[in-house]
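> 3D model of this:
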Amino acid sequence: FQAEDGIRDVERSRGLGDVYKRQVDLGATNIRTAVVDVEKGCFLAKIKEKTKVAEGAQAISTQVVENVRNIMKTCNVSLNEVIGIGVGAPGPLDMEKGAITRAVNIPYFVPIRQPLEDEYSLPVAFMNDTNAAALGELVFGAGREREIRYLVFVTISTGIGAGIIDDGRLIKGKDGNAGEVGCITVDYRGRLKCGCGRYGHWQAYSSGAAIPNFVRQLVEEGEVNVTEESLLYNMTDKLTKISAKAVYESAKKGDKAALKIVDELAIINAVGIANIINAYNPEIITLGGPIVLQNIKLTINRMLPRIRDYAVNRIPEIIPTPLGEDIGLYGAAAAILRKVGKI
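Reported below is the predicted structural model:
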């Protein structure tokens, strides 16, 4: 899949002209920033760096502004060539103030839109990251070659979220925070605490940030036996340094304990996806985020057979996003194109 070719075909068909747009995919773990040549449909440059969560709200705001400045210098693009800045950010958001409002993994009020507008005097499209990604999927991804009217994009990453397209329209919700499916309850007993402060939510079990806690719970409750001979035991320094990556890497190498954990995660993800199917009845669900994209056989393939145990509505097509890890940038691009009336 050539991402650049995909953008070029769509954008030229809409006659967007020889201009550039900047896009920012702001995540709890990384900030990804790109400059897109709209006419040629390619990334002029793309950078990624760790989000400065530990340094506080002001540091994150400044980081976003500086990333835009740095990437502009790299591309030698002037402001009068830029149509706007698109930003996809983790919710919940304050759409009126253009800020992140204590997202699950960014526990601050972080102004984003105003600092960018003040610095660059350009239109800024500020949108929930998964909402933007769903729009990007519709325009540049799964919806590029065929007409799709009902689509849900789900990301399983540091957290879990979704963007919903219903009859061709993005569902944003009153406050712009529709799609917070990571806080769907999958365990009514509420044994694990979500980053939002509530218990029993989907992302409290199978998100990248939560998998270590889930593994410890499975071991403590005797659901999984991790012996000293286990690859997972040794990869995690006797289970003291558990990570999502270690679990999936051990499972890929046939470790029995890791495979049991992966199966339990597949069940939880099947419950979450089934709830989305029951609530929104989409024609297609695309999945992204590193947990999925780096482990498709162990996530999607193991989850699919179990969805029928929980879904009432028709099972839609369920695939990894064809846009890969760049879907956040495509979403930010689609957000600014939508704001300036190009799509």
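> do a quick rundown of the strands in the stretch 1-150 of the chain.
Taking DSSP state E, counting those that start in this stretch as the criterion, the stretch 1-150 of the chain contains strands spanning 20-26, 30-37, 42-50, 82-89, 93-94, 99-103, 106-111, 124-128.
> Cys211 contacts Ser243, doesn't it?
Residue 211: Ile, not Cys. Yes - the pair Ile211 / Ser243 is scored as a contact, 7.5 Å apart, by CB atoms under 8 Å. All C-beta spots, glycine's among them, are computed from the backbone N, C-alpha and C.
> between these two, who's got more neighbours?
Set Ile211 next to Ser243 and count neighbours by other CB atoms under 10 Å: Ile211 wins out with 22 against 14.
> what's near enough to touch that one?
By CB atoms under 8 Å, 6 or more residues apart in numbering, the residues touching Ile211 are 205, 242-244, 247, 265.
> repeat the analysis, applying 10 Å as the threshold.
Listed by CB atoms under 10 Å, 6 or more residues apart in numbering, the contact set of Ile211 reads 205, 242-248, 261-262, 265, 291.
> buried subset of those?
Buried members of those, scored by 16 or more other CB atoms under 10 Å, are 205, 242, 244, 246-248, 261-262, 265, 291.
> farthest-separated two in those?
Maximum pairwise distance among the buried ones among the contacts of Ile211 (CB to CB): 16.7 Å, between Tyr205 and Ala246.
> pLDDT on stretch 304-318, on average?
If you average the pLDDT over stretch 304-318, you get 98.
> an error on my part: the question was meant for stretch 288-299.
97.
> ranges for the helices of the stretch 151-300 of the chain?
211-220, 231-235, 244-252, 256-280, 290-293, 296-307 (DSSP state H, counting those that start in this stretch).
> in TSV: those helices, plus distance to Gly161.
Listed next are those as TSV, based on distance: least, CB to CB, whole Å:
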stretch	distance to Gly161
helix 211-220	16
helix 231-235	28
helix 244-252	16
helix 256-280	11
helix 290-293	12
helix 296-307	16
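> identify whichever of those helices lies nearest to Lys52.
Ranking the helices of the stretch 151-300 of the chain by proximity to Lys52 (CB to CB) places helix 290-293 first, at 19.7 Å.
> who touches that closest one?
29-30, 154-158, 160, 206-208, 211, 244-245, 247-248, 265, 269, 286-287, 298-300, 303, 320-321, 324-325, 327.
> stretch 226-239 too?
Against stretch 226-239 from outside (CB under 10 Å, 6+ apart): 212, 215-216, 218-219, 224, 241-243, 245-247, 249-261.
> ok, Ile47 - contacts?
30-35, 67, 70-71, 74.
> any idea how far Ser78 is from it?
Distance, Ile47 to Ser78, by CB to CB, to the nearest Å: 19 Å.
> equivalent analysis for Asp94, please.
For Asp94, the distance to Ser78 - CB to CB - is 32 Å.
> more neighbours, the two?
Asp94 (20 against 9).
> what sits opposite the nearest residue to the more buried one once chain neighbours are set aside in the beta ladder?
Sequence neighbours aside, Thr101 is the residue nearest to Asp94 in space, at 4.8 Å (criterion: CB to CB, 6 or more residues apart in numbering). On the basis of DSSP bridges, Thr101 is bridged to Phe109.
> for Thr101, grab the count of nearby residues.
Thr101 has 16 neighbouring residues, counting by other CB under 10 Å.
> that one and Asn128 touch, don't they?
No - between Thr101 and Asn128 there is no contact under CB atoms under 10 Å: 11.3 Å.
> shared neighbours of these two, which are they?
Counting by CB under 10 Å, 6+ apart, the residues touching both Thr101 and Asn128 are 91-93, 95, 175, 177.
> quick one, which of the residues you listed are buried?
Buried, going by 16+ other CB under 10 Å: 91-93, 95, 177, out of the shared contacts of Thr101 and Asn128.
> those residues into JSON lines, with extra columns for pLDDT and distance to Pro282?
JSON lines is the format used below for these (pLDDT from 0 to 100; distance: CB to CB, whole Å):
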{"residue": "Gly91", "pLDDT": "75", "distance to Pro282": "20"}
{"residue": "Pro92", "pLDDT": "81", "distance to Pro282": "23"}
{"residue": "Leu93", "pLDDT": "88", "distance to Pro282": "23"}
{"residue": "Met95", "pLDDT": "90", "distance to Pro282": "24"}
{"residue": "Asn177", "pLDDT": "78", "distance to Pro282": "19"}
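> of the helices of the stretch 151-300 of the chain, which approaches Leu116 most closely?
Nearest of these (CB to CB): helix 290-293, 26.4 Å.
> show the contacting residues for Ile319.
Counting by CB under 10 Å, 6+ apart, Ile319 has contacts 142, 284-287, 296, 300.
> so Leu337 sits in a helix?
Yes - under DSSP: H, G, I helix; E, B strand; the rest coil, Leu337 falls within a helix.
> start the count at 11, not 1, going forward
Okay, using 11 as the starting number, the last item reads as Leu347.
> burial measure for it, as a count.
Look at Leu347: counted by other CB under 10 Å, it has 27 neighbours.
> that one is in contact with Ile95, isn't it?
No - here Leu347 does not reach Ile95: they are 11.8 Å apart, not a contact under CB under 10 Å.
> starting at the chain centroid, how far to stretch 65-85?
Computed by CA atoms, centre = their mean, to the nearest Å, the separation of stretch 65-85 from the middle of its chain amounts to 20 Å.
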